[in-house]
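Enquirer: Structure here, sequence nowhere to be found:
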């Protein structure tokens with residue numbers, strides 16, 4: 001099933017500038033694995049060497065943060081959208 005992935009600007013060099021790409025996967029983990037297969041270089045930027053998500057990377061399935069909605073094993077439906085959102089720190 002086709003899943004759209006929104007790619008943040010700092011990672012668009014991996015997708016040849018595309019802000020959105022399509023991948024396949026029944027779970028978030030499977031979709032992110034397919035993203036790595038189609039556009040190599042995402043895995044070390046998204047995942048820790050041990051396999052978990054990096055703390056400064058947030059993944060949203062539609063409007064839900066996957067960390068509170070099933071994690072990497074959250075199921076996906078055709079037409080779902082994943083958004084990769086780097087955490088922003090700082091302030092005044």
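Expert: On my side now, so go ahead. Everything numeric here is computed off the predicted structure, so don't read it as measured data.
Enquirer: alpha carbons only for contacts and neighbour counts from here, please
Expert: Fine.
Enquirer: from what I can see residue 47 touches residue 58, true?
Expert: No - the criterion here is CA atoms under 8 Å, and residue 47 misses it with residue 58 at 10.8 Å.
Enquirer: what is the rounded mean pLDDT of the longest helix along the chain?
Expert: Using DSSP state H to define each element, the chain has its longest helix at helix 28-38. Computed over helix 28-38, the mean pLDDT rounds to 96.
Enquirer: In that helix, which residues are buried?
Expert: By 16 or more other CA atoms under 10 Å, the buried positions in helix 28-38 come out as 28-36.
Enquirer: ranges for the strands of this structure?
Expert: Per DSSP state E, the chain carries strands over the ranges 2-6, 20-24, 57-61, 64-65, 81-86.
Enquirer: Which of those sits closest to residue 72?
Expert: With CA to CA as the measure, strand 57-61 is the member of the strands of the chain nearest residue 72 (9.1 Å).
Enquirer: what is the orientation angle of the closest one with helix 28-38?
Expert: Angle of strand 57-61 versus helix 28-38, following axes from the mean of the first three to the mean of the last three CA atoms, to 10 degrees, is 110 degrees.
Enquirer: buried set for strand 57-61?
Expert: Neighbour count says strand 57-61 has 58-61 buried, by 16+ other CA under 10 Å.
Enquirer: Which strands or helices does that strand pack on?
Expert: strand 81-86 (3 or more CA pairs under 8 Å, 6 or more residues apart in numbering; DSSP states H and E).
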